[in-house]
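Chemist: Structure of the sequence below:
(chains A, B, C, D and E, ligands or ions: 4)
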Amino acid sequence: MKSWVESVRRIGFLLLSVVVGLILWQLFTTFSEIPSFIFPKPIEVWTKLITVIENGSLFYHTLVTLQEVIVGLALGLTAAIITGFLLAKSRLVERVLSPYIVASQSIPIVAIAPLLVIWLGPGILSKILTSALIVFFPVLVNTIVGLRSVPCELYDLMRSLQASTWQRIIKLEIPAAMPVFLGGLRIGATLAVIGAVVGEFVGADKGLGFLVNVGRGLYDTALVFVAVFTLVLLALGLYGSVVYLEKHLLSWQKRNGD
Amino acid sequence: MKSWVESVRRIGFLLLSVVVGLILWQLFTTFSEIPSFIFPKPIEVWTKLITVIENGSLFYHTLVTLQEVIVGLALGLTAAIITGFLLAKSRLVERVLSPYIVASQSIPIVAIAPLLVIWLGPGILSKILTSALIVFFPVLVNTIVGLRSVPCELYDLMRSLQASTWQRIIKLEIPAAMPVFLGGLRIGATLAVIGAVVGEFVGADKGLGFLVNVGRGLYDTALVFVAVFTLVLLALGLYGSVVYLEKHLLSWQKRNGD
Amino acid sequence: MNSANNHPLLEVKDLGVTFTDEKGSLQALIQIDFSIAREQFVCVVGPSGSGKSTLIRVLAGLLKPTSGEVSLDGIPVTEPRPGVGIVFQKANLMPWRSVLRNITLPLEINHIDPEEAASRARDLIDLVGLSGFEDWLPHDLSGGMQQRVAIARSLIRDPDLLLLDEPFGALDALTREKMGTELLRVWRARKKTVIMITHDISEAVFLADRVLAISPQPGNLRLDLTIPLKRPRAEEDRFSPEFVDLTHQLRQAIK
Amino acid sequence: MNSANNHPLLEVKDLGVTFTDEKGSLQALIQIDFSIAREQFVCVVGPSGSGKSTLIRVLAGLLKPTSGEVSLDGIPVTEPRPGVGIVFQKANLMPWRSVLRNITLPLEINHIDPEEAASRARDLIDLVGLSGFEDWLPHDLSGGMQQRVAIARSLIRDPDLLLLDEPFGALDALTREKMGTELLRVWRARKKTVIMITHDISEAVFLADRVLAISPQPGNLRLDLTIPLKRPRAEEDRFSPEFVDLTHQLRQAIK
Amino acid sequence: KSVEETPPELTHIRLPMGYIPNVQYAPFYAGVEEGFFAEEGLEIEFDYSYETDGVALVGANELQFSLVSGEQVPIARAEGVPIVYVLAWYGQYPIAVIAKSEQNLKVPQDMAGKRIGLPGLFGANYVGLRALMGYAGLEEKDLILESVGFNQVEVLAADTSEVIVGYIANEPVQLAAQGYDLDVLLVSDYLDLVSNGLITNEITIAENPDLIRRMVSATLKSIQFAVENPDAAFQHCFKYIEGLEDADQEVQRQVLESSLALYQIDPYGYSSPQAWENMQKVLLDMGLMKEEINLTEAYTNEFSQ
Ligand SMILES: Nc1ncnc2c1ncn2[C@@H]1O[C@H](COP(=O)(O)OP(=O)(O)OP(=O)(O)O)[C@@H](O)[C@H]1O
Ligand SMILES: Nc1ncnc2c1ncn2[C@@H]1O[C@H](COP(=O)(O)OP(=O)(O)OP(=O)(O)O)[C@@H](O)[C@H]1O
Ligand SMILES: [Mg+2]
Ligand SMILES: [Mg+2]
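Modeler: Ligands and ions are numbered 1, 2, ... in the order given. Alright, predicted model coming up:
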């Protein structure tokens, strides 16, 4: 009963949030002198939305991007967690690897775009890679920080119980590092979408990033907005899933300031 | 004495790391069939490096990007810390703002490039904004996660001492949230560089991102590599500063697994 | 709090605390009534989980009671007040601050000159027997040493009212006695009021003017016992029939 | 560990522990020698900071001594071994696990059927007086209740050797006595060996076959006292001259 | 240095070029350096942001001029962007399809069944390709389009794509310089399309035609100068193009030569109605425009004559 009221309130807030946004947007476009091919009105975007939903193209491109994002996220996540464990445990590994990891982060995708296209082809793989690459780092850092925040007394406890390495990971390190790790996942989930879109900008013939490019090419700013909103929804959805996960996995955490 | 040996070892590792990288690169370009306008040899890049150092252009463009990165980082950091405090404290603010924040993260820059140009002009401001925008989110999330990890008993302690809000922030929340916050800063510092470069790609006539574009336009891949390496060094430098900061601010933290 | 008016320093009226969460609710304290005069030394005893720490938190203004009222110096307690020193059941030290800087924290908050603060802290470090450990971090201290740091911290503002939640819980018998004696000395010399939780009934009788016994869940005031033993008290008094009788009464009360 | 051979269960030879960090080094334990026979109940007393917890950590195989050697059952201790149950000075509960699941943790690690584990845990929850709190999180428990969870956890594997670091530190007198009595019962019924740190000398004399007294820094074995009191012991024995004499000897030793 | 000499009453023009600094803009660089723009009271600031951003900014009257590819004009006008094409910069549509000679790409029909690498399904490359396909009677299902980003040279070199689409003055020159034997089919050999040019917006035409006249006149003078003095024009590039002195001079010179060949010089700046008709037809066929627009509003030769 209580949680039902809670849900309604939450949805209420979200709606309020959206309605306020829409009103601001309408006011802005009405009173500013920005033409609609630069910043369209809500109604134009709405019409375009209906069109691309009806002809199925929105669905198609969203599916493509979603696929890139999910696979990229999964890949980046796996790599980050494994590397995170290694780096948190071994200073040697950390010293040798960390310059390469930071380097891999700061190389602009477009600079290595030719290599990506040559090695991975123009298809979906390069987008998955860019997505995975951008997810990797925040999750990695937060995995390490999370692992370092495990209280050493609990390590002693696990050792005294002759827990295997695997049990120590599953029963102590994962739950203890979870709050910080999930913070990394929040960041990663949001960046995964950017990653895929950046990959699509470099060269693609499908996906929401491609749709943005098409819209820009056609000066169809309403289409750009539709694609961007879909991207935003995708990111919000992923973010929401992480928050949902957090709520369930971290229910034990006492919140301060409540 | 001991720390001196330590420093030498550290530098040794870094050098080893670089040398291994160079050897792999030389081997790769020698044995693969990739032509050097796609993937140049180390020596070609070296020659180019000397040239752009001597004619001063590398220095100039690096300075521009550095400026964008530093101002962007400072801006993003400030905004993230302030918002982080607000969000960690008030559920209402969090509910209303967080969809907008995630949204702002997932909007591809190129989609709103004309707006940026109209509002901020073609100059350095839009690059600072992209950099700040990408820094914002990881720092924000880690600020929140860090603040939530402050033990509630210590809140009680501060309250019992009639600490003002400001004192609570300075003397309890900032130091307690520091480990996780600095993790966010690590991520942010690295992303700041990407942010500035993305901004430069959309349209710029200076900066290392611009230099990458010039190199690509002239099929001068060695120049692209020089620019990319400088970017990587920039990112490594920023990252290194954060690690240095961490070493000093978190010396109280017991490391597990040592 | 130095105003010499007639009403008691602390008045607790019909106090009740209930903790509620999704799974249900738990009545921790129920219908507690008592008042404490200025310069009294009161000990609180009661079984584990009976709500002693909860009571201290309410008295300190850290927890709003579900029902009833607490007033200090005639003014209702709604938030922590100056002039009150607290030792929590856990040491609650800041892991990033050295022993010295943990102890000076309350003075820092009062913007007292660091030099002055450090010198006052050093005196207290001496008092709790931690000389030489000024620059150590809490991590590297033993459990009892951490607790002693917390005691020093609670004393540094020279509060009029001391709320102590099992301050000697992790101390060995000897240190415990020494700290108890010191506490008595401070209490008498500086005319403080002390409310101290302890799980050691004999300690309670030995130190206090008055002992409150709390019954197990829901915590209720079972016995309010005045200790008529003369001060100063000596170790031998513990074996006097009067002492034994008092401890026996208390034991019975919290059974 | 069930092999009935002749050498003592635990042998400590010339043990020394020094903590070293940038600021300098601290000799926590020095030249400790003793051995403990099977099924003995040994208490360790000593002032705060004398190295008692450090000793327990070495005996448990959690800390490598700087010098000397510890052997259990004739085999040098280099890492924690099965058949040993430990209660740490802090409760060390996992904040994300309920009371029940904190207690079943050691069985989970041994891959014991969850049903079976839960039923054994429930018995122990009864024993430590926490029935009804099975699903509570450590956060919402009082200090003493947390400590009782830790005690239950140390017992669930039915270990032969129990290492207890002030297990009753946060318990009130009554619960403390009850837990002491329970511990004695378990010890006698199951033929365990117990090494227990306590800061309560009277408790040590009351419970133990033998009490080791450690001197303050650097911790050294000052007195190895056999307690000749007959078992079962009654509350009244505490007032017997023999008891008083033993406590007095110990007090002198750790002064 | 030219900036310091300019008197303060010069009109400042920020000009989006649609691409990064490149020798194909040699006439502009020369024009600034030789003072043709200053003579008309104009001070030019080159802006290298995306082409579509330039169009949008001119359409919003944030800027007065931009250099864009021809197909952008009908596409943008169809979406209500009030831009007007006032000067043809290239005379021929500058797009070509290119293949290594072993692919035997002799006529547009040879593209059938091949893997074609192009930056993406938008912009001049795509329009040029579709125009050629239309000429050859090919549909998208008859060949394999691969969106490879602006990496056509690399993918052709690495044989990732068999045929690429690119700018006449750029990709073929670069590839030839790498020693590849190429077949190059020019779109303009098969179809006359509106090419790159200078745009302004309707407001400027209405309110400040003189500004346009001065801009166009200076631009034409610049083109003429470059065509007549290619060496001097090339020398002026060094000031504007970062790293040009270190790039392969011969190749860059070659790029300039190929660009010069494209300039609209007879008559200067003129765009033919037929090219506009053709362009509109291609765009309609491609679906890049939904309905016809009034082409006479989209361009004018009034200023270039
Ligand atoms: N935050 C909380 N949420 C829910 N229940 C709580 C909370 N804090 C305390 N309790 C419950 O209230 C009761 C009293 O707790 P309290 O800490 O006051 O006991 P105590 O008398 O101090 O015990 P001890 O001597 O063991 O420290 C316990 O049953 C405990 O589980
Ligand atoms: N990790 C550590 N690093 C440095 N010094 C330490 C460390 N752990 C303990 N010590 C020091 O070793 C000494 C003994 O500590 P220990 O915890 O063994 O004392 P203890 O006898 O258990 O005291 P208590 O009764 O207060 O718990 C103390 O002076 C303590 O400061
Ligand atoms: Mg308590
Ligand atoms: Mg200890």
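
Chemist: Please, where are all the strands along the stretch 101-250 of chain C?
Modeler: In the stretch 101-250 of chain C, the strands defined using DSSP state E, counting those that start in this stretch lie at C:161-165, C:193-197, C:210-214, C:221-226.

Chemist: for the stretch 151-300 of chain E, same thing?
Modeler: Using DSSP E, counting those that start in this stretch, strands in the stretch 151-300 of chain E cover E:163-167, E:182-186, E:197-201.

Chemist: Please identify the deepest-packed of those.
Modeler: Most buried of those by mean neighbour count (mean count of other CB atoms under 10 Å in any protein chain shown) is strand E:163-167; its value is a mean of 27. C-beta: built from backbone N, CA, C; applies to glycine.

Chemist: could you say what helices and strands the longest helix seen in chain C packs with?
Modeler: Taking DSSP state H as the criterion, chain C has its longest helix at helix C:173-190. Helices and strands touching helix C:173-190, by 3 or more CB pairs under 8 Å, 6 or more residues apart in numbering or on different chains; DSSP states H and E, are helix C:143-155, strand C:193-197, helix C:201-207.

Chemist: Leaving out chain neighbours, which residue sits closest to the residue in the stretch 101-250 of chain A positioned nearest to ligand 3?
Modeler: Residue nearest to ligand 3 within the stretch 101-250 of chain A: A:Glu153 (20.1 Å; CB to the ion). Excluding the flanking residues, the one nearest A:Glu153 by CB to CB, 6 or more residues apart in numbering or on different chains is D:Asn92, at 4.9 Å.

Chemist: picking up where we left off before, so which of the strands of the stretch 151-300 of chain E gets nearest A:Leu125?
Modeler: Among the strands of the stretch 151-300 of chain E, strand E:163-167 comes nearest to A:Leu125, with 20.2 Å by CB to CB.

Chemist: Which residues does that closest one contact?
Modeler: By CB atoms under 8 Å, 6 or more residues apart in numbering or on different chains, the surrounding residues in contact with strand E:163-167 are E:94-99, E:103, E:105, E:111, E:114-119, E:124-126, E:128-129, E:148, E:152-153, E:155-156, E:171-172.

Chemist: rerun at 7 Å
Modeler: With CB atoms under 7 Å, 6 or more residues apart in numbering or on different chains as the test, strand E:163-167 has contacts from E:94-99, E:103, E:105, E:111, E:114, E:116-118, E:125, E:128-129, E:152, E:155-156, E:171-172.

Chemist: from the chain's centre, how far out does that strand sit?
Modeler: Distance, stretch centre to chain centre, for strand E:163-167: 14 Å (CA atoms, centre = their mean, to the nearest Å).

Chemist: neighbouring strands for it, and are they parallel or not?
Modeler: Counting by DSSP bridges, the strands paired with strand E:163-167 are strand E:95-100 (antiparallel), strand E:115-118 (parallel).

Chemist: want to throw these into JSON lines with distance to D:Gly46?
Modeler: Output for the strands paired with strand E:163-167, formatted as JSON lines (distance: least, CB to CB, whole Å):
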{"stretch": "strand E:95-100", "distance to D:Gly46": "87"}
{"stretch": "strand E:115-118", "distance to D:Gly46": "80"}
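
Chemist: Show me the one of the ones you listed that comes nearest ligand 2.
Modeler: Ligand 2 lies closest to strand E:115-118 among the strands paired with strand E:163-167, at 63.4 Å (CB to the nearest ligand atom).

Chemist: Distance of the closest residue to C:Leu62 other than its chain neighbours relative to C:Ala60?
Modeler: With sequence-adjacent residues excluded and distances taken as CB to CB, 6+ apart, C:Leu62 is closest to B:Asp156, at 5.3 Å. B:Asp156 sits 8 Å away from C:Ala60, going by CB to CB, to the nearest Å.

Chemist: Over to E:Gly54?
Modeler: 67 Å.

Chemist: Looking at these two, which one has more neighbours?
Modeler: Comparing E:Gly54 with C:Ala60 by other CB atoms under 10 Å in any protein chain shown, the one with more neighbours is E:Gly54, at 28 against 25.

Chemist: The residue of the stretch 101-250 of chain A closest to ligand 3 falls within a helix, correct?
Modeler: Yes - according to DSSP: H, G, I helix; E, B strand; the rest coil, A:Glu153 belongs to a helix.

Chemist: could you dump the strands paired with strand E:163-167 to CSV with mean pLDDT and distance to ligand 1?
Modeler: Converted to CSV, those look like this (pLDDT from 0 to 100; distance: least, CB to the nearest ligand atom, whole Å):
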stretch, mean pLDDT, distance to ligand 1
strand E:95-100, 94, 72
strand E:115-118, 92, 65
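
Chemist: So what are the structural domains in chain A, by residue number?
Modeler: A:1-33, A:41-257 (automatic domain parsing).

Chemist: Name the stretch among those domains that sits most buried.
Modeler: domain A:41-257 (a mean of 21).

Chemist: That one and ligand 1 in contact?
Modeler: No - counting by CB under 6 Å from any ligand atom, ligand 1 is not contacted by domain A:41-257; separation bottoms out at 8.0 Å.

Chemist: Tell me how far the closest residue to A:Leu249 other than its chain neighbours lies from A:Gln253.
Modeler: Among residues not flanking A:Leu249 along the chain, A:Met178 sits closest, at 5.7 Å (CB to CB, 6+ apart). Remark: distance between A:Met178 and A:Gln253 (CB to CB) = 9 Å.

Chemist: Identify the contacts common to those two.
Modeler: Here A:Met178 and A:Gln253 share no contacting residue, scored by CB under 7 Å, 6+ apart.

Chemist: quick one: the helices in the stretch 151-300 of chain E?
Modeler: Taking DSSP state H, counting those that start in this stretch, the helices of the stretch 151-300 of chain E run over residues E:152-157, E:171-177, E:202-207, E:209-228, E:230-240, E:249-262, E:273-286.
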